[in-house]
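**Student:** sequence and predicted structure, then a few things I'm wondering about:
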Amino acid sequence: MRKNVRNLLLQGLAAVVLAGGALGAVNATGDEANASTKPGAHGTTGKNSAFTGVWPKLKNGSKGTDVLTAQHLLAARGYAVTPDKVYGPKTAAAVATFQKRAGLKADGVIGPKTWSKLTARTVTRGDRGHVVKAVQVQLGVKADGVYGKGTQAAVAAFQTKKNLRGDGVVGPKTWNALITGSIAAKPKQVVRGYSLQFAKNHKHPTYSKLSLIRDGKVLKSWRAGSGMGSKDECASKKGWLPSGTYRVQSHLTNRDGDAIDGYAIQLPDKPCKPKSGKKPVTRTQLFIHSEMNRYGGQGKDNPNRDDSDRWEGPNDYKSLGCIKLTPTDIKDLFKRLDQARWPKNLTLYVH
């Protein structure tokens, strides 16, 4: 028994080391789990860097820039795919072949492990071809396949914006930031005790992260969402939860409100100054919550209606400006904070 416990502890320690300072994967297994990258590679931050964003899942029928990027990466490895932004049968077949050769489950679906293998290439000035185009389409610059001075400058500017080392070289962290939209937090002093951190993913909002942290170490991270599609932090009842710090005011497992019931953590009102020069506004009714009834269970399923007391799928990560978790995840968060006896002055950091 002691040996098994020791082995489990060692495995957990190894997982933390391999994460390279990231905040951990979001409740996922297999190809849905985040692949870690080694610290010190091109485009990385120091050991206190923040989370690695959640890779987008691509499958037959997917469309857009991320599909085009994947197609260029496949073409760069010699696979006969047409970069057209459409994930069709030929792309799926090429992905399955690539996965088989890479020792992954050959299901033709691109998840984090497949992304990690596809982007396991360092791209720098002087390189040419489809791998360069994969970088350029994510940057939104002319995709001519030539990694010249202009592309290098665009990469360096992107890295600086994301708090990565602005060396103009695309390595693991830069690939991840390009494709997931994740933002690495600047190294800062370790917060002692328990705290919460919400990391926004502007490119894939419903794949943002809420993490429970103790003495600077992540205990658990959960997939989370905020806002109704607007990235405006000052947009009442639809924008992101404003960045900054929040001192948790209260927590309930049986809240009975107009729109928020059951498990809920209440946050203080937050002043917000619009970028357009308009008068400052104050965001109110801010919570960390889910969709459930006042008793913590699930309400009745009403067909063809979005039920506020029932979790019906990924679309429910959207909120009126709060932070939302699945019912299972918010109960897990409460359980962990119950065990910690709900520390006084519990603070949420939003970036």
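**Tutor:** In hand now; what should we look at?
**Student:** C-alpha from now on. contacts and neighbour counts both.
**Tutor:** OK.
**Student:** now the residue nearest to S250 when sequence neighbours are not counted: which helix or strand?
**Tutor:** Among residues not flanking S250 along the chain, Q266 sits closest, at 5.3 Å (C-alpha to C-alpha, 6 or more residues apart in numbering). Assigned by DSSP states H and E, Q266 belongs to strand 261-267.
**Student:** list the buried residues in the helix or strand following that strand.
**Tutor:** Going down the chain from strand 261-267, the next helix or strand is strand 270-272, by DSSP H and E. In terms of neighbour count (16 or more other C-alpha atoms under 10 Å), strand 270-272 has its buried residues at K270, C272.
**Student:** who's in contact with strand 270-272?
**Tutor:** Strand 270-272 is contacted from outside by E233, C234, P242, P280, V281, T282, R283, T284, using C-alpha atoms under 8 Å, 6 or more residues apart in numbering.
**Student:** for the next helix or strand after that strand, name the packing helices and strands.
**Tutor:** Next helix or strand after strand 270-272 toward the C-terminus (DSSP H and E): strand 281-283. Here strand 281-283 touches strand 270-272, going by 3 or more C-alpha pairs under 8 Å, 6 or more residues apart in numbering; DSSP states H and E.
**Student:** residues touching the residue nearest to S250, list them.
**Tutor:** V248, Q249, S250, H251, Q285, L286, F287, I288.
**Student:** burial measure for L58, as a count.
**Tutor:** Close neighbours of L58, defined as other C-alpha atoms under 10 Å, add up to 20.
**Student:** right, and I265 touches H251 too?
**Tutor:** Yes - counting by C-alpha atoms under 8 Å, H251 is a contact partner of I265 at 4.3 Å.
**Student:** related to what we said a few turns ago, rebuild the contacts of strand 270-272 as TSV, extending it with pLDDT.
**Tutor:** Output for the contacts of strand 270-272, formatted as TSV (pLDDT from 0 to 100):
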residue	pLDDT
E233	83
C234	82
P242	88
P280	82
V281	86
T282	89
R283	89
T284	90
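**Student:** and which of the residues you listed is nearest R214?
**Tutor:** Using C-alpha to C-alpha, P242 is the member of the contacts of strand 270-272 that lies nearest R214, at 23.0 Å.
**Student:** my read is that closest one is in a strand, agree?
**Tutor:** No - read with DSSP: H, G, I helix; E, B strand; the rest coil, P242 is coil and lies in no strand.
**Student:** got the contact list for the closest residue to it other than its chain neighbours?
**Tutor:** Distances taken as C-alpha to C-alpha, 6+ apart put E233 closest to P242, at 4.9 Å, once the chain neighbours are dropped. The neighbours of E233, taking C-alpha under 8 Å, 6+ apart as the test, are G239, W240, L241, P242, S243, C272, P274.
**Student:** where does the stretch 201-350 of the chain dip in pLDDT?
**Tutor:** Residues of the stretch 201-350 of the chain meeting the criterion pLDDT under 70: 229, 276-277.
**Student:** hang on, the earlier thing: what strands flank the strand holding Q266, and is each parallel or antiparallel?
**Tutor:** Looking at strand 261-267 with DSSP bridges, its partner strands are strand 250-256 (antiparallel), strand 286-289 (antiparallel).
**Student:** okay, those strands, which one's buried deepest?
**Tutor:** Burial of these is given as mean neighbour count (mean count of other C-alpha atoms under 10 Å); strand 286-289 ranks first at a mean of 23.
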